[in-house]
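Peer 1: Any chance you can model this:
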Amino acid sequence: TQTIALFATNSYFASIPAGSFYQGPLKGVCVPVLNCYACPLAWGSCPIGALQHFVIVRAFPFYVLGILGVIGVFVGRFPCGWLCPFGWFQEIVYKLRLPKFSAPNWLRHMKYVVLIGVCVVIAWWTFEPWFCKICPAGTFEGGLPWLAWKARGSVYAEGMSFSTPLFLTKVGGLAALVLLMGMMRRPFCRFVCPLGALLGLTNKFSMLKMDTHLDDCAIAYAKGSDFKNCATCNHCSRLCPMDLKVPEEIGSVDCIRCMNCTTYGSVYWRFGFGEGGRGTARGRAEVAAARGAVEQPELERTVTPDSS
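Peer 2: Residues are numbered from 1 along each chain as shown. The predicted structure follows:
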């Protein structure tokens, strides 16, 4: 689906032979992913770029927040897991054979600093969309293609300079981030992306929800009495591209609804309002206790080995 979304949001192929870019009315439409407005193939606009525009002109971003709010009410941060081209690129790079390591959880809060500090406060203060100026996704999707357009002599690239300290810094930052992508799961999505920060806030009231029921776990049934709890198994946690603890953190603001953790049945998705959950509270309490988060509750075990 991310491949389809990549071509759906970047399908103005007429720009390639002409060395141009799309300038039609669809440029005013915000796509639900981080996709650079300056990309020659892009027909839509990035919601974070649009957000900064409204901040700069001193207007409340009803349009941007309305679009993201509607998407969030229905599916939460689902676009991050299924539609975002830059998130898909990070997953591909992570498959490279490089040393792997994790980062401390407190770094997840940095994306809110970027959202408020860079996209709102600095944009308001300087009258410049500074996140767009330094965005690694924008450098990859917009800056580098325009460098290629300049090299081929495109009249649309006349007057653009690619030897400035800012552009060289952006390219260096992108190179460092790509290296980090190979060693860590989705570092940009987890620690930097302001769009993910906004959409993540809707996860708590989204109609698309994630729940858990340990008694449905295929691994638990396969292991029988050898299976202790999710905390000692960690199989579903290892599948999470956002490096979340499963099932405690499913449905959190950092959950991108990728559904990787639903493979073995202990985690499932549901659609609708209200509390659901076939054993959700029990499952999360059990795992949290096993990790030492709370005192171990007295819970009767219903997962037993197959006696047949």
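Peer 1: count of neighbours near Val118?
Peer 2: By the criterion of other C-beta atoms under 10 Å, Val118 has 21 neighbours. Every residue, glycine included, has its C-beta placed from N, CA and C.
Peer 1: now it, nearest residue through space, not along the chain?
Peer 2: Phe131 (4.8 Å; C-beta to C-beta, 6 or more residues apart in numbering).
Peer 1: Tell me where the chain is predicted with low confidence.
Peer 2: By pLDDT under 70, the low-scoring segments of the chain are 221, 225, 228, 274-308.
Peer 1: Spatially central residue in it, please.
Peer 2: Residue closest to the average C-alpha location in the chain (C-alpha atoms, centre = their mean): Cys80, at 3.8 Å.
Peer 1: From Thr1, how far out is that residue?
Peer 2: According to C-beta to C-beta, to the nearest Å, Cys80 and Thr1 sit 12 Å apart.
Peer 1: dump the residue contacts of the residue nearest to Val118.
Peer 2: 48-49, 52, 114, 118-119, 123, 194 (C-beta atoms under 8 Å, 6 or more residues apart in numbering).
Peer 1: Quickly find the element holding it.
Peer 2: Using DSSP states H and E, Phe131 falls within helix 130-134.
Peer 1: Need the contact partners of stretch 232-247.
Peer 2: Residues outside stretch 232-247 that contact it (C-beta under 8 Å, 6+ apart) are 81, 91, 94, 102-103, 185-186, 189-190, 212, 214, 219-220, 227, 230, 250, 252, 254-256, 258, 260-261, 263-264, 266-267, 283-284, 287, 290-291.
Peer 1: Report the secondary structure state of Leu198.
Peer 2: The local conformation at Leu198, judged by DSSP: H, G, I helix; E, B strand; the rest coil, is helix.
Peer 1: quick one: secondary structure of the residue nearest to it when sequence neighbours are not counted?
Peer 2: Excluding the flanking residues, the one nearest Leu198 by C-beta to C-beta, 6+ apart is Leu68, at 5.6 Å. Three-state call for Leu68 (three-state DSSP): helix.
Peer 1: What is the neighbour count of Ala103?
Peer 2: 15.
Peer 1: Excluding chain neighbours, give the residue nearest to it in space.
Peer 2: The shortest distance from Ala103 to any non-neighbouring residue, by C-beta to C-beta, 6+ apart, is to Met184 (6.2 Å).
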